[in-house]
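Enquirer: build me a model:
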Amino acid sequence: MLRGMTETPEKSPSEPLERPDRHERDDSADMERDTIALPSHVAGSGTLDRLVETARDYARQAASENTLKAYAKDWVHFTRWCRMRGADSLPSSPQLIGLYIADLATPGGKAPALSVSSIERRLSGLTWGYAQRGERLDRKDRHISSVLAGIRRKHARPPAQKEAILPEDLRDMLATLPHDLRGLRDRAILLIGFAGGLRRSEIVSLDHGKDDTPNSGGWVEVLEDGVLITLHGKTGWREVEIARGSSDQTCPVHALTQWLHYARIDFGPIFVATSRNGLKATGERLSDKHVARLIKSCAREAGLRPDLPEAERVRLFSGHSLRAGLASSAEVDERYVQKQLGHASAEMTRRYQRRRDRFRVNLTKAAGL
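Expert: Numbers count the residues shown, from 1 in each chain. You can find the predicted model right below:
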């Protein structure tokens, strides 16, 4: 039986937000305004208007919601940068973009310098922003490409990797969860995320059945030997097989079925919020931010990496820590780990392996030395 079926309401912490100025609000409105419309020489009709709305809906699905939000913020930042320097963001100007990314790499004042990967992401956001306004940004133009090449040469660093959550760490994290409905849900999230090598967005996008909701990212089938997840993730459709574990305490299939049973979920999103009194599940799908907060809080409560200050310990762990933990601890042929994580190449899988026999294949001796 479940104990202590009470919990505080699940609310996102309220953070003070800087009020955008009028120009930024205008830019945000422009970004939200769809650019897909009827040609000017075509007369509108009810049928064509409905097709325009349908086309706009499909266009919104061209990238993930988080990606579109990031691109919108990139555009707002760039237009503000232009205004502060008396420049116009339109039409596109490779010379101006070159100056912009140079300022991002070595900013004046108190603004922190961005990493090379962040600058490249900003460029992707600006390319998208210009495209929404009927403009083309040529990233291969010498005013952009040569500056970016110099930034890479001078400032590039190996990517900072998140700490892997290994099986012993995961057991300690599970022990910190309460024995109530929320604890059941969070236990299933951690175990399914680890055993499936899932991204946090993939975890919360799952539905109970196929076509349950329009925003579904996949669905689950509970079979006798495990769980089969059909997933539409970052790299496309794939099947993820999660077999039963050696004990109920750490079995992801057992954790998931317990959550589904006590939460009475037989349709729609699997991982949802709970009511104020903690006695039942709501129909509200959790945000992927919940997974990140859950991992950080459990890692802190479990005392992982006690050799580091608390603030630094919390920064070490994220949603990718579960994927890195599976890749680092599963002692099977590498190709099976690659398939589970949905990687297109073995090299990408190796980036997730925090502990492995790097010199198992000895090319020096194989060459006769």
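
Enquirer: next, count neighbours for residue 297.
Expert: Residue 297 has 16 neighbouring residues, counting by other CB atoms under 10 Å. (C-beta placed from N, C-alpha, C; glycine too.)

Enquirer: which ones are touching residue 303?
Expert: Neighbouring residues of residue 303 by CB atoms under 8 Å, 6 or more residues apart in numbering: residue 172.

Enquirer: need the helices for the stretch 51-200 of the chain, in chain order.
Expert: Taking DSSP state H, counting those that start in this stretch, the helices of the stretch 51-200 of the chain run over residues 65-84, 94-105, 116-132, 142-155, 167-174, 181-196, 200-204.

Enquirer: from the contact counts, what lies against the second one?
Expert: It stands for helix 94-105. With contacts taken as 3 or more CB pairs under 8 Å, 6 or more residues apart in numbering; DSSP states H and E, helix 94-105 sits against helix 65-84, helix 116-132, helix 142-155.

Enquirer: can you map out the strands along the chain?
Expert: Secondary structure of the chain (DSSP state E): strands located at 206-207, 218-222, 226-233, 236-243, 272-274, 281-285.

Enquirer: tell me which of the ones you listed sits most buried.
Expert: strand 206-207 (a mean of 22; mean count of other CB atoms under 10 Å).

Enquirer: now for that strand, which elements pack on it?
Expert: Judged by 3+ CB pairs under 8 Å, 6+ apart, the packing partners of strand 206-207 are strand 218-222.

Enquirer: domain parsing for this structure?
Expert: 22-155, 167-352 (automatic domain parsing).

Enquirer: any idea which of these scores lowest on pLDDT?
Expert: Lowest mean pLDDT within the domains of the chain: domain 22-155, a mean of 84.

Enquirer: off-centre distance for that one?
Expert: Put simply, domain 22-155 sits 21 Å off its chain's centre (CA atoms, centre = their mean, to the nearest Å).

Enquirer: repeat that for stretch 308-320.
Expert: Distance, stretch centre to chain centre, for stretch 308-320: 17 Å (CA atoms, centre = their mean).

Enquirer: and stretch 297-307, by the same measure?
Expert: Centroid separation between stretch 297-307 and its chain, computed with CA atoms, centre = their mean, is 22 Å.

Enquirer: and that stretch, how far apart are its ends?
Expert: Terminal residues of stretch 297-307 are spaced 17 Å apart (CA to CA, to the nearest Å).

Enquirer: likewise for stretch 203-213?
Expert: Using CA to CA, the end-to-end distance of stretch 203-213 comes to 15 Å.

Enquirer: buried ones in it?
Expert: Of the residues in stretch 203-213, 203, 204, 205, 206, 207, 208, 212, 213 count as buried by neighbour count, 16 or more other CB atoms under 10 Å.

Enquirer: the strands of the chain into a markdown table, with extra columns for distance to residue 365?
Expert: As requested, the strands of the chain are exported to a markdown table (distance: least, CB to CB, whole Å):
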| stretch | distance to residue 365 |
| --- | --- |
| strand 206-207 | 47 |
| strand 218-222 | 45 |
| strand 226-233 | 40 |
| strand 236-243 | 37 |
| strand 272-274 | 55 |
| strand 281-285 | 54 |
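
Enquirer: out of the ones you listed, flag the one nearest residue 309.
Expert: Shortest separation from residue 309 across the strands of the chain is recorded for strand 272-274, at 32.0 Å, computed as CB to CB.

Enquirer: ok, the residue lying closest to residue 254 once chain neighbours are set aside to residue 255 distance?
Expert: Spatially, and ignoring its direct neighbours in sequence, residue 254 is nearest to residue 248 (4.7 Å; CB to CB, 6 or more residues apart in numbering). Relative to residue 255, residue 248 is positioned 8 Å away (CB to CB, to the nearest Å).

Enquirer: the more surrounded of the two?
Expert: Using other CB under 10 Å, the more surrounded residue of residue 248 and residue 255 is residue 255, with 24 against 11.

Enquirer: show me what contacts the residue lying closest to the more buried one once chain neighbours are set aside?
Expert: If the residues on either side of it in the chain are set aside, residue 255 comes closest to residue 188, at 4.2 Å by CB to CB, 6+ apart. When contacts are counted by CB under 8 Å, 6+ apart, residue 188 touches 252, 255, 256, 258, 259, 271.

Enquirer: which one of those is nearest to residue 338?
Expert: So of the contacts of residue 188, ranked by how close each gets to residue 338 (CB to CB), first place is residue 252, at 19.7 Å.

Enquirer: just checking, the residue nearest to residue 254 touches residue 256?
Expert: No. In terms of CB atoms under 8 Å, residue 248 does not count as a neighbour of residue 256; the distance is 11.9 Å.

Enquirer: so what's the most centrally placed residue in the chain up against?
Expert: By CA atoms, centre = their mean, the mean C-alpha position of the chain lies nearest to residue 201, the distance being 5.2 Å. Residue 201 sits next to 64, 66, 217, 233, 234, 288 when contact means CB under 8 Å, 6+ apart.

Enquirer: which two in the residues you listed are spaced the farthest apart?
Expert: So, these by CB to CB: farthest apart are 66 and 233, at 13.2 Å.

Enquirer: quick revisit: any of the contacts of residue 201 buried? List them.
Expert: Using 16+ other CB under 10 Å as the burial test, the contacts of residue 201 include 217, 233, 288 as buried.

Enquirer: now render the residues you listed as JSON lines, adding distance to residue 161.
Expert: Conversion of these to JSON lines gives the following (distance: CB to CB, whole Å):
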{"residue": "217", "distance to residue 161": "25"}
{"residue": "233", "distance to residue 161": "21"}
{"residue": "288", "distance to residue 161": "20"}
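
Enquirer: out of the residues you listed, the closest to residue 111 would be?
Expert: The closest of the buried ones among the contacts of residue 201, once distances to residue 111 are taken by CB to CB, is residue 288, at 28.0 Å.
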